[in-house]
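Undergrad: One predicted model, sequence on top.
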Amino acid sequence: MDFEKIINDLRAFKEEKEWFDFKENWFDANGIGEYISALSNGAALLNQKYGYLIWGISDESHEVVGTQVQWEIKIKGEPLDHFLIRQLNPAIEFKFTELCLLSKRVVVLQIAAAQRLPTDFAKKRFIRVGSNKVDLEKYRDREIALWDALKAEGETMVNKAAPFFNQNLSFKKLFLYYGMKGVEINQETFEKNLHLRTPEGNFNILALVLADQNEIPIRVSVFSGTSKADPLFSVKEYGNTCLLFSIEQLLMYGDSLNIMQADEKNRVVERKEVPFFDGRAFREAVMNAFVHNHWVTLNAPMINVFTDRIEILSRGTLAQGQTYDGFFKGESIPVNPELATIFLQLRLSERSGMGVPKILRAYGKEAFAFNENSIVVTLPFHKMKINEPKVDHPVDQSLGATKIKIVGLFLDKNTMTSKEMAQSLGLSIQAIKKNVKQLKDSGVIERIGDNRKGFWKVK
């Protein structure tokens, strides 16, 4: 195992996570046992194969500083590893390794993730909260989440049966979608070929998400501000039916949001059209979210639209065996390989590993956030600054800031729609319409022509 690469990958994080910790020369036998429990449980919670306790790395700067720690010692006449094994329950794999990194001595304790049961030491269970090692019993939410993760370990879309009340499934839309894509599908063998049943013969979670009807909502929440504390403007519902059609509708909605803006800067002959956000990055983020979503929980990805960005949340974490470095390089390891194969058949996605790199090119690594039980991709809006209109008369400052901005927009583009103004000013469409009506009623602006082909005149 390439421990040098592992250490450098961990050092690249801005801060320590629940499944790894850096030390310099700290050493306490019982404390190490507690860390084994905490990091083993943290690794299981975050879908990591191993946890790590590493000596010789600064926990503040993550610089390699070296260590004097000696682990091949005895505790009251008993070898340290025996002392630890005796008090761990259930028994888990761990091992110490020494290496030279940047000409300095480093010691690595690699710890297997908990399986089936939380790992305890001396009859106590520990977990990491941020950079702190704590008693698991005092953090009930973490304890519940850990048990859920251990219970779900090994469960996949293919081997987990759909709920008993969802066993009467039909697939007319699935056949229709395959036909639309020009891909043949055999009605007699499709269940086997697409892996839609468990070994026991029940319809599985994969079958459920592809069925004509299911009870898995896929929602797009649109907020009238920059946070979830702002009023919810609208909720778009695309779920409860065949996932393939839901994704198509979601992508079409994304296209409708992606307003083309005129960039008048340095204009010579043709003006440049600038999209609100990168459409290719949006598509890749959506596809990745659905392919890698942890569907066994029956929770779909979630999309939130704010006035300055779109957030695309996928349930779960990286696939088993996937590293953060490999993820950003585009080394594709799908969480749901059978669903990924279907997407590949239908040419919805590709296995070239270009999805994440496309997002990186458009927005950089800061677009990705890896949370405890989710991955979030954030696509900020690229809003063009509206040039100040050149007018021969000043705008009445008594109108108020919002109305002055609206008048300025009309002076710059007299056919601008309420939707375009709402996106530009970060307001709801209702607020825009209310202010426009007040401007019209007070005689500041006048509508020339009908609602479809007319324009606004600033009087």
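TA: Now that the structure is in, tell me what you want to look at.
Undergrad: Which parts of the stretch 151-300 of the chain are strands?
TA: Secondary structure of the stretch 151-300 of the chain (DSSP state E, counting those that start in this stretch): strands at 219-223, 232-237, 260-263, 272-275.
Undergrad: from these, which stretch is densest packed?
TA: Each of the strands of the stretch 151-300 of the chain was assessed for mean neighbour count using mean count of other C-beta atoms under 10 Å. The highest is strand 219-223, with a mean of 17. Heads up, the C-betas are built off the backbone N, CA and C, glycines and all.
Undergrad: State the paired neighbours of that strand in the sheet, together with their directions.
TA: Taking DSSP bridges as the criterion, strand 219-223 pairs within the sheet with strand 232-237 (antiparallel), strand 302-305 (parallel).
Undergrad: outside of the longest one, which residues touch it?
TA: With contact meaning C-beta atoms under 8 Å, 6 or more residues apart in numbering, strand 232-237 is reached by 217, 218, 219, 220, 221, 222, 223, 224, 253, 428, 429.
Undergrad: Just list the residues touching the last one, thanks.
TA: Neighbour list for residue 429: 233, 418, 419, 422 [criterion: C-beta under 8 Å, 6+ apart].
Undergrad: Report how many residues lie close to the third one.
TA: Using other C-beta atoms under 10 Å, residue 419 has 13 other residues around it.
Undergrad: Helix or strand with the lowest mean pLDDT in this protein?
TA: Ranked by mean pLDDT, DSSP states H and E, the weakest helix or strand in the chain is strand 260-263, scoring a mean of 64.
Undergrad: what's the spacing between residue 406 and residue 124?
TA: 63 Å (C-beta to C-beta, to the nearest Å).
Undergrad: Give me the more crowded residue out of these two.
TA: Shown here are residue 406 and residue 124; by other C-beta under 10 Å, residue 406 has more neighbours (27 against 13).
Undergrad: part of a helix, is that one?
TA: Yes - Residue 406 sits within a helix when classified using DSSP: H, G, I helix; E, B strand; the rest coil.
Undergrad: ok, which stretches of the stretch 301-450 of the chain are helices?
TA: Under the criterion DSSP state H, counting those that start in this stretch, the stretch 301-450 of the chain contains helices at 324-329, 337-345, 355-363, 401-412, 418-425, 429-441.
Undergrad: how about low-confidence regions in the protein?
TA: Low-confidence segments of the chain (pLDDT under 70): 152-154, 261-272, 320-321, 350-353, 383-399.
Undergrad: Look through it and tell me its longest helix.
TA: Taking DSSP state H as the criterion, the chain has its longest helix at helix 29-45.
Undergrad: After that one, which helix or strand is next?
TA: Downstream of helix 29-45, the first helix or strand assigned by DSSP states H and E is strand 50-55.
Undergrad: you'd agree residue 194 is up against residue 206?
TA: Yes - with contact defined as C-beta atoms under 8 Å, residue 194 and residue 206 form a contacting pair (7.3 Å).
Undergrad: returning to what we had before: of the strands paired with strand 219-223, which is nearest residue 457?
TA: Distance to residue 457, taken as C-beta to C-beta, is lowest for strand 232-237 among those, at 29.1 Å.
Undergrad: The closest one vs helix 429-441, what angle?
TA: Going by axes from the mean of the first three to the mean of the last three C-alpha atoms, to 10 degrees, strand 232-237 is angled at 130 degrees with respect to helix 429-441.
Undergrad: and the angle for strand 232-237 with helix 418-425?
TA: Counting by the same axes, to 10 degrees, strand 232-237 lies at 120 degrees to helix 418-425.
Undergrad: Not counting its neighbours along the chain, what's nearest residue 369?
TA: In space, residue 369 comes closest to residue 376 once its chain neighbours are excluded; the distance is 4.4 Å by C-beta to C-beta, 6 or more residues apart in numbering.
Undergrad: Just to check, that neighbour is in contact with residue 310?
TA: No - Residue 376 is beyond contact range of residue 310, at 10.5 Å (criterion: C-beta under 8 Å).
Undergrad: Compare these two and say which is more crowded by neighbours.
TA: residue 310 (24 against 17).
Undergrad: Relative to residue 282, how far out is that one?
TA: For residue 310, the distance to residue 282 (C-beta to C-beta) stands at 7 Å.
Undergrad: Now for the two: what residues contact both?
TA: Listed as contacting both residue 310 and residue 282 by C-beta under 8 Å, 6+ apart are 254, 379.
Undergrad: Now do the contacts for the closest residue to residue 446 other than its chain neighbours.
TA: Nearest non-adjacent residue to residue 446, counting by C-beta to C-beta, 6+ apart: residue 457, 4.7 Å away. Counting by C-beta under 8 Å, 6+ apart, residue 457 makes contact with 414, 445, 446, 447, 448.
Undergrad: what about the third one, how many residues close to it?
TA: Read it as residue 446. With other C-beta under 10 Å as criterion, residue 446 counts 12.
Undergrad: List the contacts of it.
TA: Residue 446 makes contact with 440, 456, 457, 459 under the criterion C-beta under 8 Å, 6+ apart.
Undergrad: likewise the last one?
TA: Neighbour list for residue 448: 454, 455, 456, 457 [criterion: C-beta under 8 Å, 6+ apart].
Undergrad: Which one of those residues is nearest to residue 19?
TA: Among the contacts of residue 448, and counting by C-beta to C-beta, the member closest to residue 19 is residue 456, at 57.6 Å.
Undergrad: how near is residue 237 to residue 285?
TA: 20 Å.
Undergrad: Residue 52 too?
TA: Going from residue 52 to residue 285 by C-beta to C-beta gives 30 Å.
Undergrad: Next: residue 103.
TA: According to C-beta to C-beta, residue 103 stands 42 Å off from residue 285.
Undergrad: who's more crowded, the two?
TA: Between residue 103 and residue 285, counting by other C-beta under 10 Å, residue 285 is the more crowded of the two (31 against 7).
Undergrad: That one - nearest residue in space that isn't next to it in sequence?
TA: The shortest distance from residue 285 to any residue other than its chain neighbours is 4.3 Å, reached at residue 377 (C-beta to C-beta, 6+ apart).
Undergrad: Correct me if wrong: the one you found contacts residue 365.
TA: No - using C-beta under 8 Å, residue 377 is not in contact with residue 365, being 11.0 Å away.
Undergrad: Please say which of those two ends up with more neighbours.
TA: Neighbours around residue 377 and residue 365, counted as other C-beta under 10 Å, are more numerous at residue 377. The numbers are 23 against 11.
Undergrad: Okay, and the beta partners of that one?
TA: Beta-bridge partners, per DSSP bridges, of residue 377: residue 312, residue 368.
Undergrad: show me the contacts for the residue lying closest to residue 185 once chain neighbours are set aside.
TA: Of all residues not flanking residue 185 in the chain, residue 178 sits nearest, at 4.4 Å (C-beta to C-beta, 6+ apart). Residues counted as contacts of residue 178 (C-beta under 8 Å, 6+ apart) are 184, 185, 346.
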